[in-house]
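Enquirer: any chance you can model this:
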Amino acid sequence: RTYPWRYFITASNDLELLESTLPVKLAPRSLIKNTDWIKPGQVSWEWWNDASPYGPDVKFESGYNLETYKYYIDFASKSRIPYIIMDEGWAESVHDPYTPNKKVDLQELIKYGKEKKVDIILWLTWLSVEKNMGLFKKFSEWGIKGVKIDFMDRNDQWMVNYYERVAKEAAKYNILVDFHGAFTPRGLEHKYPNVISYEGVRGLEQMEGCQPENTIYLPFIRNIAGAMDFTPGAMINMQPEVYGGKRPNAAAVGTRAYQLALFVLFESGVQMLCDNPTLYYKNQDCTDFIVKVPVTWDETKALVAEAGEIAVVAKRNGKKWFIGGITNGMARNIDLSLDFLTKGKSYSMTCFSDGINASRQAMDFNRKTITVSSNADIPVKMSRNGGFAAIISEL
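Expert: Sure thing, here's the model as predicted:
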């Protein structure tokens, strides 16, 4: 019999916590020999915005129906987002994983998505999966790429074993798995890397219940353990004392720059774009930044770190660097050293920072592009509940 690891991560300072890879080193090696089919990526998600695109280009009644899902596929295709999720509402019943609601033609959507180079991930309850373990084979035959499994909400031994049974069965048929309503990662995602994320976090789905004063701890605690399906990307941004969001006009506490920074700071194999395509089109400069951010990384450098106060990281994918940082309810002025860049080379840096009025109007932000080098120190002003995000490319 084998027993689970119990371990602590200790560091001489908070910067080291943000760079820790100990959970990876302790995890079991992959049992999946050929992992070429496992492709992490961003996802356009309809549930948070209640499947409600609108505007002059929407010539149909929006909702959980064929036309709306095609609209999400079109948005994903234009934005080079590889997946959409069809969340709760796509099926006729939460107990039947095979029958779409009468307004959804699933086979047509799968075909349409293939034409647009966009694959589909289906939401399911854990009990529906448990009673229909044959669904992975069927979904593979249909062309479904992944499942989002929800409402487990416990971590007794039976449920822990359930996670592994699901991961193993899904892997047989090249199906990705995102565990929602889940406990935090325990290394299963390394044994079965088709498990590409877990919720296990008080994320943006909680609306007003997702506060920066809590979120600022996540890079130091929760996300160290493994992939975290926080579902960032809100385009309606508010300070906590004036919050008033509700689906379909869901909103997030914190500034716009804060939301952009989360795509760099937080790691998940399926990184959601939680908001309405309509709002992403209306905020194209922000959208263009978001969709450039990778979901996998080659290198991480912690730049500023104090648990519960501030977290700023630089991450590299290939030759490009990205910076993401957030603060709590305290406004801050910091200087970011770019000494992680290659000496003697020039770079273009496009950055998003809190606007002068972001402490009141959280959607206020500044965008600028500058030329930088490894000798640069970049002054950054963060509003309360604010952030900073940047992309750096070699000239």
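
Enquirer: now the residue most central in space within the chain: how far from Thr99?
Expert: Centroid check for the chain by Cα atoms, centre = their mean gives Gln271 as the closest residue, at 2.5 Å. Gln271 sits 30 Å away from Thr99, going by Cβ to Cβ, to the nearest Å. In short, each C-beta sits where N, CA and C put it, glycine included.

Enquirer: circling back: my guess is the residue nearest to the centre of the chain contacts Val295, does it?
Expert: Yes. Between Gln271 and Val295 there is a contact under Cβ atoms under 8 Å: 4.8 Å.

Enquirer: tell me the residues that contact both of these two, please.
Expert: Gly41, Gln42 (Cβ atoms under 8 Å, 6 or more residues apart in numbering).

Enquirer: identify the residues contacting Gly387.
Expert: Taking Cβ under 8 Å, 6+ apart, we find Gly387 in contact with 254-255, 257-262, 324-327, 354.

Enquirer: and it, what are its bridge partners?
Expert: Residues in a beta bridge with Gly387, per DSSP bridges, are Ile326.

Enquirer: do the same with Asp150
Expert: Thr125.

Enquirer: what about it, neighbour count?
Expert: Residues lying near Asp150 (other Cβ atoms under 10 Å) number 22.

Enquirer: next: Thr2.
Expert: By other Cβ under 10 Å, neighbour count at Thr2 equals 5.

Enquirer: start at 39 instead
Expert: Okay, using 39 as the starting number, the last item reads as Thr40.

Enquirer: tell me how many other residues crowd Gln297.
Expert: 28.

Enquirer: which non-adjacent residue is nearest it?
Expert: Excluding its sequence neighbours, the residue lying closest to Gln297 (Cβ to Cβ, 6 or more residues apart in numbering) is Ala272, at 5.3 Å.

Enquirer: Three-state assignment for the one you found, please.
Expert: coil (DSSP: H, G, I helix; E, B strand; the rest coil).

Enquirer: which parts of the stretch 39-188 of the chain are strands?
Expert: For the stretch 39-188 of the chain, the strands defined by DSSP state E, counting those that start in this stretch cover 79-83, 121-124, 129-131, 134-138, 157-163, 184-188.

Enquirer: can you list these in JSON lines and add distance to Thr222 and mean pLDDT?
Expert: Formatted as JSON lines, these follow (distance: least, Cβ to Cβ, whole Å; pLDDT from 0 to 100):
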{"stretch": "strand 79-83", "distance to Thr222": "20", "mean pLDDT": "98"}
{"stretch": "strand 121-124", "distance to Thr222": "21", "mean pLDDT": "98"}
{"stretch": "strand 129-131", "distance to Thr222": "28", "mean pLDDT": "95"}
{"stretch": "strand 134-138", "distance to Thr222": "26", "mean pLDDT": "96"}
{"stretch": "strand 157-163", "distance to Thr222": "20", "mean pLDDT": "98"}
{"stretch": "strand 184-188", "distance to Thr222": "15", "mean pLDDT": "98"}
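
Enquirer: to Arg67, which of those lies closest?
Expert: strand 184-188 (22.4 Å; Cβ to Cβ).

Enquirer: next helix or strand past the closest one?
Expert: helix 195-210 (DSSP states H and E).

Enquirer: sorry, back to before: so what sits opposite the residue nearest to the centre of the chain in the bridge?
Expert: Here Gln309, judged by DSSP bridges, has bridge partners Gln80.

Enquirer: domain assignment for this protein?
Expert: 65-328, 337-432 (automatic domain parsing).

Enquirer: need these in a markdown table (columns: distance to Thr59).
Expert: Below are these laid out as a markdown table (distance: least, Cβ to Cβ, whole Å):
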| stretch | distance to Thr59 |
| --- | --- |
| domain 65-328 | 9 |
| domain 337-432 | 9 |
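
Enquirer: just checking, Lys108 touches Leu147?
Expert: Yes. Counting by Cβ under 8 Å, Lys108 touches Leu147, with 6.9 Å between them.

Enquirer: quick one: which of those two has more around it?
Expert: Leu147 (22 against 18).

Enquirer: where are the low-confidence patches of the stretch 189-338 of the chain?
Expert: Within the stretch 189-338 of the chain, no stretch falls below the threshold (pLDDT under 70).

Enquirer: tell me where it has helices.
Expert: Using DSSP state H, counting those that start in this stretch, the helices found in the stretch 189-338 of the chain span residues 195-210, 226-229, 250-253, 260-263, 294-303, 315-320, 322-328.

Enquirer: tell me the most buried of those helices?
Expert: With neighbours taken as mean count of other Cβ atoms under 10 Å, those reach their highest mean count in helix 294-303, at a mean of 29.

Enquirer: not counting that helix itself, show me its contacts.
Expert: Contacts for helix 294-303 (Cβ under 8 Å, 6+ apart): 250, 257, 268, 270-273, 275, 290, 309, 324, 327-328, 331, 349, 351, 353, 360-364, 390-392, 396, 400-403, 420-421, 423-427.

Enquirer: now do that helix against strand 79-83, angle only.
Expert: Angle of helix 294-303 versus strand 79-83, following axes from the mean of the first three to the mean of the last three Cα atoms, to 10 degrees, is 140 degrees.
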